[in-house]
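Enquirer: Model the following, please.
(chains A and B)
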Amino acid sequence: MTFLPIVGRELRVSARTASTYWLRLVGATALLMAGGIYWMEGDVTYGASSDWFMAMHLTLFWTIWVLVPVMTADCICRERREGTLGLLFLTPLKAGDIVLAKGFAHGLRAVTLCIAGVPVLVLPFLTGGVGWLLELSSVLINFSALCWALSAGVLVSSAARTFTRAVVGAVIVAGLFLAVLGVVHVAALIVAWQVTFPQTGAGTLLHPAFFRWFLDEGFLSITRIDDLVRSFGLSVAGSSSLQAALAGAMFSVTLFSFLSLLLIIRWAASNVRRNWQDKPRSVLQAKLEKEFCTPAYGIRLFRGWMRRLLERNPIGWLERRTWQARTVSWAWLAVIVSLYSLMLGSTRPDWNSFQEWQWIIAALFCASLTVSAAGSFRRERESGVMELLLVTPLTVGQIINGRLRGIWSQFLPSLLLFVIIQFHLISIARWVPWNRDTSMEGALLLWLLGGATLTLPVIGLYFSLRCRLHITAVVAALAVGIGVPALATMVVAFLSFVGGNPERQTLFRWLLLATMAAFVWVLIRHHTLRPLLRISSVAWLAMLAAMFVILRLDDALPAGWSIFGAGHVPLIIVATLFYALLQTGCALWLGLKLHQNLENRSFALPQ
Amino acid sequence: MSAPPLPAVQTLGLTRTYGSMVALNALDLTVNQGDLFGFIGSNGAGKTTTLRILATFLAPSAGQAMVLGHDVVRDADAVRHVIGYMPDFFGVYKDMEVTEYLDFFGACYKIPTAQREKTVNDVLELVGLSEKKGALIGALSRGMQQRLGLARVLIHDPKVLLLDEPASGLDPRARIEMMAILQELQRMGKTIIISSHILSELQTLCNRVAIIEKGKLIYAGPVQGVRDQMQTGRVVWVKVSSDQDRAIELLKARPEVTQAGSEDGHIKVTLVNHDIDHSIVADTLVRGGAKLIELREDELGLEEVFLRVTRGETQ
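Expert: Model prediction:
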């Protein structure tokens, strides 16, 4: 058992890592929230908690698919990056031992993530109504998911060299493996069905409705066989024999998943055996990069532009000098241009579905902005360049402002295009009779996107210095920049709006005023706020005031001329203002902390 | 009468603590302009902390540090213009070209564009990297990356260079080349403070040294001075062709000699102090009729001095 020392080391290291415990907390919290929301909706009745259990199962299922590949993606890649993989090969260890040990240790970590959710999963049992097949299915499906998610992480880690590529690759491969697991489950179900009801024919199960039913609730709908049997016009009496057949099928799928994990570990081991030594870039790789990533036209113009950028803002130039960074800007422009071309090219544009797409694009835009910002200072911190920058005549404020401007200018062209077209669409959408009026929704979208674009880079920069891992920085920035304000607004709104009670609405408005007062007090109190933060705060306050004025003016307009069409300020606007204030407050606070941390030279050391 | 020149670096009671650990304990140090100053100490003795404070990267917990008369805390911006700091790691972007890297730091130091290209070429020539202008930094050898670090330090023409282990990890040739560059820089009038573990090289390179242990200054002054301070008496080794015992008797009879005895086929003679000329040993033996074959003075190397004055204790 030569791999045991590695398992021991991995477990000791993970025991010392805070993220291990945070991830467990995240898993358990997600389950608790899913269960809590389900419970608050009032669907839980004593003795019939199977739906509640299924909601929790669904959360655990997706938590495994999201967290496990990300947790595992860097396990071998990190050894290679830090040069310790070669040292392991100087010992009697073989590639298979190393990968098996890594897989085993990270599998244990993943199991503890599931175990952390057990106390929450127990609640539906206590209320009753959860059958043995449901319990067994949940355990087997989640175990299968764990095997495949772990396989995705280990496989990508055996080939990747950088952390970011490992994580992105693991997420993509996990998506593919999820599809494989789905196909295998469907196949197993068809076999079980065929054994129980040979008269119906397996072809019946290939109906789209069946697939939808099956994929609902993380494959666990497999246990709702009575509905399925009835939908085929068959007698429910045959359900019990189908149950036994299904249990057998699920055992087979689990066994198959486990064997696949072992096979993929072997595959990963052969990858490690081939790639453990550093190799120079291949000729093809170099040729491709030269062909596609080197400027070919307008080189003089490009160089002049980059030089001017360097003169104006050297720190921002760092953010934009690589072809990867420039690709992000152009890719966003391309996405937005393509989407709007598609939309406007249609003879009968469906504004409603288009608005949904707008939200998705805005969310992805925010995510991309956060990923850029959260990784921004990481390179300087890890390579030691940050120490060199801090002894140049550039002040800490200039370094932060320079980097913020660099990030903003990277995303500004696509944001401007998005805003201009959105304004245009808002103005014309109201005149298209077959579409609902989405002007209010569009305005809110722009408002939230504007706020996120101003604040997320500040929050991302703070976490890029604070967290050792890029992925942790991204998650933390999204949690603080969007999660905390959204959650706080939801809680306050929930407490204030229930039942449309006017007193509670007044309470909410008072809370909004109190938050604004606190915000202004912080601005006045902290004279040390850096100029850009101060400007952004004042601009933000001005935007808030402008929004109020516009809405008030809108109220005064005749009904036909009113932009928002409501006779009063809708409460959703008040909630949005509350959210925006909290978000800006978080950004200001973390901006100050970032400044302080750089002044005190206190940032996370490289791994 | 003109005023004495401003010291390049002066620290007064410089103290730095990390929690309960005292990394620097009331360090008083003066480095004159034009010095090539060696900063010696065990790992964790406080050398890097001192250099970081002088580079304005760290703030002292107590005491004062001044570079060319500018306080490193109150007047940090002025200090940054006159110092060049090279830490004990490379601090490079491996996917940048050599000129791009220097151009970037030139922009950070606000060197005008028109002047920057020439400056970059000059410093690259000085450190011998002119032929690697367009190379990616990641493709450079360790020695070349170290030279690039030195080029970065020189980009804004600082008067005081703070170099933390500039020759660590370099092969002998690269080390000798690095030392030659430093000597050239001293000739150009730069003040150089260099911390290093390769004491044999500091011995020949530096005109003054400081020895620091557990954050406390043990010695600061000329290299020769530290030897004199450590050697309680001058030691001379003698070899005679025959009758070694008689030669020892002759030497012991001299009042200037505190000790004489046989050791490894030689006679080890310890004189009372350093002021006594060692020629009296030869004179005594020749007059006494002994046939003198060899006479050499025992000089303490910097490494031995370092071992004697420090206990190798780290914090």
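Enquirer: The spatially closest residue to A:S14 that is not a sequence neighbour sits in which helix or strand?
Expert: Nearest non-adjacent residue to A:S14, counting by C-beta to C-beta, 6 or more residues apart in numbering or on different chains: A:T20, 4.8 Å away. In short, each C-beta sits where N, CA and C put it, glycine included. If you go by DSSP states H and E, A:T20 is part of helix A:18-40.
Enquirer: for the record, mean pLDDT for that helix?
Expert: Helix A:18-40 carries an average pLDDT of 79.
Enquirer: Also stretch A:472-487?
Expert: Averaging pLDDT along stretch A:472-487 yields 88.
Enquirer: list the buried ones in that stretch?
Expert: Residues A:T472, A:A473, A:V474, A:V475, A:A476, A:A477, A:L478, A:V480, A:G481, A:I482, A:P485 are the ones in stretch A:472-487 that count as buried (16 or more other C-beta atoms under 10 Å in any protein chain shown).
Enquirer: related to what we said a few turns ago, tell me the spacing between the residue nearest to A:S14 and A:V168.
Expert: In this view, A:T20 and A:V168 are 22 Å apart by C-beta to C-beta, to the nearest Å.
Enquirer: Look through the chain and tell me its longest helix.
Expert: Went with chain A since none was named. Longest helix in chain A by number of residues, with DSSP state H as the criterion: helix A:239-275.
Enquirer: hm, I was asking about chain B
Expert: Chain B, longest helix under DSSP H: helix B:172-187.
Enquirer: Give the next helix or strand downstream of the worst-scoring helix or strand of chain B on mean pLDDT.
Expert: Among the helices and strands of chain B, helix B:223-230 carries the lowest confidence by mean pLDDT, DSSP states H and E, at a mean of 70. As assigned by DSSP H and E, the chain's next helix or strand after helix B:223-230 is strand B:235-240.
Enquirer: What is the distance between the longest helix of chain A and the centre of its chain?
Expert: Relative to its chain's centre, helix A:239-275 lies at 28 Å (C-alpha atoms, centre = their mean, to the nearest Å).
Enquirer: Mind giving me the packing neighbours of the helix or strand containing A:W447?
Expert: Element membership of A:W447, judged by DSSP H and E, is helix A:439-466. Contacting helix A:439-466 under the criterion 3 or more C-beta pairs under 8 Å, 6 or more residues apart in numbering or on different chains; DSSP states H and E are the following elements: helix A:351-374, helix A:378-383, helix A:396-429, helix A:470-478, helix A:531-556, helix A:571-599.
Enquirer: Mind doing that once more with 10 Å?
Expert: Secondary structure elements in contact with helix A:439-466, counted by 3 or more C-beta pairs under 10 Å, 6 or more residues apart in numbering or on different chains; DSSP states H and E, are helix A:351-374, helix A:378-383, helix A:396-429, helix A:470-478, helix A:484-497, helix A:531-556, helix A:571-599.
Enquirer: which stretch among these comes nearest chain B?
Expert: helix A:378-383 (6.1 Å; C-beta to the nearest C-beta).
Enquirer: Let's see that closest one as CSV, backbone CA atoms only.
Expert: Coordinates of each C-alpha in helix A:378-383 appear next as CSV, following Å, rounded to 0.1, in the frame of the first residue of the first chain:
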residue,chain,number,x,y,z
ARG,A,378,-3.1,37.4,-8.0
ARG,A,379,-0.2,37.3,-10.5
GLU,A,380,1.5,40.3,-8.9
ARG,A,381,1.0,38.8,-5.4
GLU,A,382,2.4,35.3,-6.4
SER,A,383,5.3,36.5,-8.5
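Enquirer: next structured bit after that helix?
Expert: Next in line after helix A:378-383, if elements are assigned by DSSP H and E, sits helix A:385-389.
Enquirer: Does at least one residue of that following helix sit close to chain B?
Expert: Yes - using C-beta under 10 Å from any C-beta of the partner chain, helix A:385-389 comes into contact with chain B via A:V385, A:M386, A:E387, A:L388, A:L389.
Enquirer: I'd like to know how many residues surround the residue nearest to B:L271 when sequence neighbours are not counted.
Expert: In space, and not counting its chain neighbours, B:L271 is closest to B:R234: 4.4 Å by C-beta to C-beta, 6+ apart. B:R234 has 21 neighbouring residues, counting by other C-beta atoms under 10 Å in any protein chain shown.
Enquirer: Help me confirm that B:R234 comes into contact with B:S279.
Expert: No - contact criterion C-beta atoms under 10 Å: B:R234 and B:S279 do not qualify, at 11.5 Å.
Enquirer: ok but B:Q64 is inside a strand, no?
Expert: Yes - remark: B:Q64 belongs to a strand, assigned using DSSP: H, G, I helix; E, B strand; the rest coil.
Enquirer: wait, what's in contact with it?
Expert: Residues near B:Q64 by C-beta atoms under 10 Å, 6 or more residues apart in numbering or on different chains: B:Q10, B:T11, B:L12, B:G13, B:L14, B:D71, B:V72, B:V73, B:R74.
Enquirer: Give me the nearest residue to residue 100, chain neighbours excluded.
Expert: As the question left the chain open, I've gone with chain A. Closest residue to A:L100 apart from its sequence neighbours, by C-beta to C-beta, 6+ apart: A:F3 at 5.3 Å.
Enquirer: meant chain B actually
Expert: Spatially, and ignoring its direct neighbours in sequence, B:E100 is nearest to A:R321 (7.8 Å; C-beta to C-beta, 6+ apart).
Enquirer: Against B:D95, how distant is the one you found?
Expert: Counting by C-beta to C-beta, the gap from A:R321 to B:D95 is 9 Å.
Enquirer: The stretch 101-250 of chain B: helices as residue ranges?
Expert: With DSSP state H, counting those that start in this stretch, the ranges of helices along the stretch 101-250 of chain B come out as B:113-126, B:142-154, B:172-187, B:199-205, B:223-230, B:244-252.
Enquirer: If you count contacts, what does the second one end up packed against?
Expert: Looking back up the chat, that one is helix B:142-154. If contacts are counted by 3+ C-beta pairs under 10 Å, 6+ apart, helix B:142-154 sits against helix A:385-389, strand B:83-86, helix B:98-108, helix B:113-126, strand B:160-164, helix B:172-187.
Enquirer: Is it possible to get the ones you listed out as TSV so that each row also shows distance to A:S14 and mean pLDDT?
Expert: Listed next are the helices and strands packed on helix B:142-154 as TSV, based on distance: least, C-beta to C-beta, whole Å; pLDDT from 0 to 100:
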stretch	distance to A:S14	mean pLDDT
helix A:385-389	28	90
strand B:83-86	37	93
helix B:98-108	37	91
helix B:113-126	46	90
strand B:160-164	34	93
helix B:172-187	40	86
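Enquirer: who wins for proximity to B:C206 among the ones you listed?
Expert: Ranking these by proximity to B:C206 (C-beta to C-beta) places helix B:172-187 first, at 9.4 Å.
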